[in-house]
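J.: Using only what follows, build the 3D model:
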Amino acid sequence: MEPSFSLPAELTVYTVGELFPQCQVWMHADARPGLPVQARDVTEVDAAGVQLLLSWSRTLVAGQRRLHLVEPSDVLVAACAALGADGLVRPHHPAIEKGFP
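T.: Below is the predicted model of the structure:
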């Protein structure tokens, strides 16, 4: 499944305001049931970034679709795990299954 959207390196309170409207358009334009998002380039993430991903995920689930993070970076995996949102990355990152971080 080829990603149609890539997360930026910085997924923080400083970028989510700009990213949110872009993704609303993208989510409605790409009708696949499993929506792939390339996540390997994320080098900085905070609670606002994780909250944005949770919001997208909930929106997609409400429409019987799902968010699929492709190759989530270790930084993104750690942030999601620290904030109790490791379900976003669990099926996509083998380190989560080993108890990382």
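J.: So what's the gap between the top helix by length along the chain and the chain middle?
T.: Using DSSP state H to define each element, the chain has its longest helix at helix 47-62. Put simply, helix 47-62 sits 7 Å off its chain's centre (C-alpha atoms, centre = their mean, to the nearest Å).
J.: Could the C-alpha coordinates of the helix or strand following it be exported in CSV?
T.: With elements assigned by DSSP states H and E, the helix or strand that comes after helix 47-62 is strand 66-70. Output of strand 66-70 as CSV, limited to C-alpha atoms (Å, rounded to 0.1, in the frame of the first residue of the first chain):
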residue,chain,number,x,y,z
ARG,A,66,-8.1,3.2,9.6
LEU,A,67,-4.9,5.1,9.7
HIS,A,68,-1.8,3.1,8.7
LEU,A,69,1.5,4.7,9.8
VAL,A,70,4.1,3.4,7.4
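J.: Counting neighbours, which bits of strand 66-70 end up buried?
T.: The neighbour-count check on strand 66-70 (16 or more other C-beta atoms under 10 Å) flags 67-70 as buried. C-beta: built from backbone N, CA, C; applies to glycine.
J.: ok, those residues vs Y14, which is closest?
T.: L69 (20.6 Å; C-beta to C-beta).
J.: Alright, calling it a day.
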